[in-house]
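Asker: Got a predicted structure plus its sequence, pasted below:
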Amino acid sequence: WDLEQHGSVMDDAKTEVGAITVSPDGRFIASGSRDGKVWIYSADSARVLRSWAGHSDRVTSIAFSPDSLLLASSSRDKTIKVWSVLDGRLIRTLNGHTDWVWSIAFSPDGSRIVSGSEDRTIRIWDLASGAPPATISTTSGISRVAVSPDGRTILALRKHDKSVSLWDIVSKQSTGTLSSDTTEPSPVHPRSMALSQDGETLIGPADNGFAIAIWDFPKRRLKQVLPVFRGHDQIDSLAISPDGSRVAIGGIVSGTLSIWDVRRGRLLVTLGGHVSGVGALAWTPDGTRLVSASRDRTVRIWDSRSLYNYDAELLLDKVSEHSLLVEEMVLELNANRTIPAELRREAIQLAAKRGNASYVGLLFEAWKTGEASYRSSNEYKQALRRAIVAAQVAPWLCDSPITLGLLQYRTGEFDQALLSAQRAMEI
């Protein structure tokens, strides 16, 4: 993975970006933002080709037709709009949902759009006839929809318990439900799911957003529940690479973006760059690039063709599980004389380019240390360094001066602790 610039950055939207997709022909990237705008970029140059005010509320999902000529967008304004990719012309507005439309997907032949909504319905829109949509009523808001490659099955992620319900697209009858038996009682976070291009692998959220469930979709068989987060973040977005070998996972809070080997169930690399939740992910059709959209108001393009030793990436991933600052990673790598010199050098280069852990992770670990009264002086000092870095990244967050003040108190910096407490009260 090219970590040199933490991904090519597109920040034209100037507001939170919550939807992203890449056209099937690989020519365009489309995004939707909090202010209701739709953006189309050149996939090659990352330049804006056109943008327009698409909706009166946040864009929640965006999808290209299979021939890349149409773009559909859904929104919290309860509508779905269909646009011409070439000139941005509005072709049709689809009305019918009575609450937020969370997700949309084209059928493989491009003749229909399937939508899932907070109104607890799935709707199937026939673009050719323009007839009112067929409606499937459910008992939960539907946060993600997909259509199987053969066009016969609708997959719908239930917002309430995160199980995946299956529906026959013709008869509109239920054909089953896939549940990992690690259901999530809170409907607050919609989460995500992803179906591989060949329809062989389905990945959804599990264990309250801390793990993913990997399914053999044709056999409807759960293969594995794989933990991917440890405590301070949860799944927000998922995307499976075109060849089905890798899954990209975006965190809901900290900007964490990790790539996992689907078959072996192991972490391949963690990508640093976003500083807030990663709400949407999409691979280019050839699988060489990953596009991420974040609440930090940026879209980033990552090159998956690594410039570095793969072993160096794995080594740094292991080190960064407990060494959160670049200086800590470098110290640990230099202290371990069993690491070959060349591998150590490349891992240190990667650490410098990847950067520190997210401010959420830094504050979480710093606070855990600070609230314990039995830690050593060196542990408190290390936690204070972490809190200082986090506060520099997120000075607007009340947790920053509170954590700083606690650790300044622990290390005997009482005057500074008082100033931090006053800063927390101001915030």
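Answerer: Nice, I can see it. Numbering: from 1, shown residues only.
Asker: okay, CA-based contacts and neighbour counts for the rest of this
Answerer: Noted.
Asker: show me where pLDDT drops low in this structure?
Answerer: Within the chain, the stretches with pLDDT under 70 are 1-8, 182-190, 231, 305-310.
Asker: Helices of that one, start to end?
Answerer: Along the chain, the segments classed as helices by DSSP state H run 310-319, 326-335, 341-354, 359-371, 377-393, 399-410, 414-426.
Asker: Would you mind giving those helices as a markdown table with distance to Arg246 and mean neighbour count added?
Answerer: Below are the helices of the chain laid out as a markdown table (distance: least, C-alpha to C-alpha, whole Å; neighbours: other C-alpha atoms under 10 Å):
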| stretch | distance to Arg246 | mean neighbour count |
| --- | --- | --- |
| helix 310-319 | 15 | 18 |
| helix 326-335 | 26 | 17 |
| helix 341-354 | 20 | 18 |
| helix 359-371 | 24 | 21 |
| helix 377-393 | 30 | 20 |
| helix 399-410 | 35 | 25 |
| helix 414-426 | 42 | 15 |
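Asker: any chance of these in JSON lines, plus distance to Gly141?
Answerer: What follows is the helices of the chain, written out as JSON lines (distance: least, C-alpha to C-alpha, whole Å):
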{"stretch": "helix 310-319", "distance to Gly141": "36"}
{"stretch": "helix 326-335", "distance to Gly141": "42"}
{"stretch": "helix 341-354", "distance to Gly141": "37"}
{"stretch": "helix 359-371", "distance to Gly141": "29"}
{"stretch": "helix 377-393", "distance to Gly141": "35"}
{"stretch": "helix 399-410", "distance to Gly141": "33"}
{"stretch": "helix 414-426", "distance to Gly141": "38"}
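Asker: Now do the strands in the stretch 51-200 of the chain.
Answerer: Here the stretch 51-200 of the chain has its strands, by DSSP state E, counting those that start in this stretch, at 59-64, 70-75, 80-84, 90-94, 101-106, 112-117, 121-126, 134-137, 142-147, 153-158, 164-168, 174-178, 194-195.
Asker: Using TSV, lay out those strands together with mean neighbour count and distance to Leu281.
Answerer: As requested, the strands of the stretch 51-200 of the chain are arranged in TSV below (neighbours: other C-alpha atoms under 10 Å; distance: least, C-alpha to C-alpha, whole Å):
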stretch	mean neighbour count	distance to Leu281
strand 59-64	27	11
strand 70-75	26	16
strand 80-84	21	20
strand 90-94	15	25
strand 101-106	26	14
strand 112-117	26	18
strand 121-126	22	23
strand 134-137	14	27
strand 142-147	26	13
strand 153-158	26	17
strand 164-168	20	20
strand 174-178	15	23
strand 194-195	24	10
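Asker: Need the ones you listed in a markdown table (columns: distance to Arg337).
Answerer: Formatted as a markdown table, those follow (distance: least, C-alpha to C-alpha, whole Å):
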| stretch | distance to Arg337 |
| --- | --- |
| strand 59-64 | 49 |
| strand 70-75 | 54 |
| strand 80-84 | 59 |
| strand 90-94 | 62 |
| strand 101-106 | 51 |
| strand 112-117 | 55 |
| strand 121-126 | 58 |
| strand 134-137 | 62 |
| strand 142-147 | 48 |
| strand 153-158 | 48 |
| strand 164-168 | 49 |
| strand 174-178 | 48 |
| strand 194-195 | 42 |
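Asker: Out of the ones you listed, the one nearest Pro285 is which?
Answerer: strand 59-64 (12.5 Å; C-alpha to C-alpha).
Asker: mind checking how far that closest one is from the chain centre?
Answerer: Put simply, strand 59-64 sits 14 Å off its chain's centre (C-alpha atoms, centre = their mean, to the nearest Å).
Asker: strands paired with that strand, and their directions?
Answerer: strand 70-75 (antiparallel) (DSSP bridges).
Asker: Mind listing residues that contact the partner strand?
Answerer: Strand 70-75 is contacted by residues 32, 36, 38, 55, 57-65, 80-85, 100-104 when judged by C-alpha atoms under 8 Å, 6 or more residues apart in numbering.
Asker: now the angle from it to strand 80-84?
Answerer: On the basis of axes from the mean of the first three to the mean of the last three C-alpha atoms, to 10 degrees, strand 70-75 is oriented at 150 degrees to strand 80-84.
Asker: how far off strand 112-117 does strand 70-75 point, in degrees?
Answerer: Using the same axes, to 10 degrees: strand 70-75 against strand 112-117 is 10 degrees.
Asker: Quick one: distance of strand 70-75 to the chain centre.
Answerer: Relative to its chain's centre, strand 70-75 lies at 19 Å (C-alpha atoms, centre = their mean).
Asker: Just want the angle from it to strand 90-94.
Answerer: 40 degrees.
Asker: For strand 70-75, output the C-alpha coordinates as PDB.
Answerer: Presented in PDB, the C-alpha positions along strand 70-75 are these (Å, rounded to 0.1, in the frame of the first residue of the first chain):
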ATOM      1  CA  LEU A  70     -26.700   6.500 -14.600                       C
ATOM      2  CA  LEU A  71     -26.100   7.500 -11.100                       C
ATOM      3  CA  ALA A  72     -28.600   7.100  -8.300                       C
ATOM      4  CA  SER A  73     -28.500   8.900  -4.900                       C
ATOM      5  CA  SER A  74     -30.600   8.500  -1.800                       C
ATOM      6  CA  SER A  75     -31.100  10.900   1.100                       C
END
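Asker: between it and strand 101-106, how many degrees?
Answerer: Going by the same axes, to 10 degrees, strand 70-75 makes 160 degrees with strand 101-106.
Asker: Tell me how far His97 lies from Gln349.
Answerer: 51 Å (C-alpha to C-alpha, to the nearest Å).
Asker: cool, Ser420 as well?
Answerer: Taken as C-alpha to C-alpha, the span from Ser420 to Gln349 is 34 Å.
Asker: what's the answer for Ser33, then?
Answerer: 34 Å.
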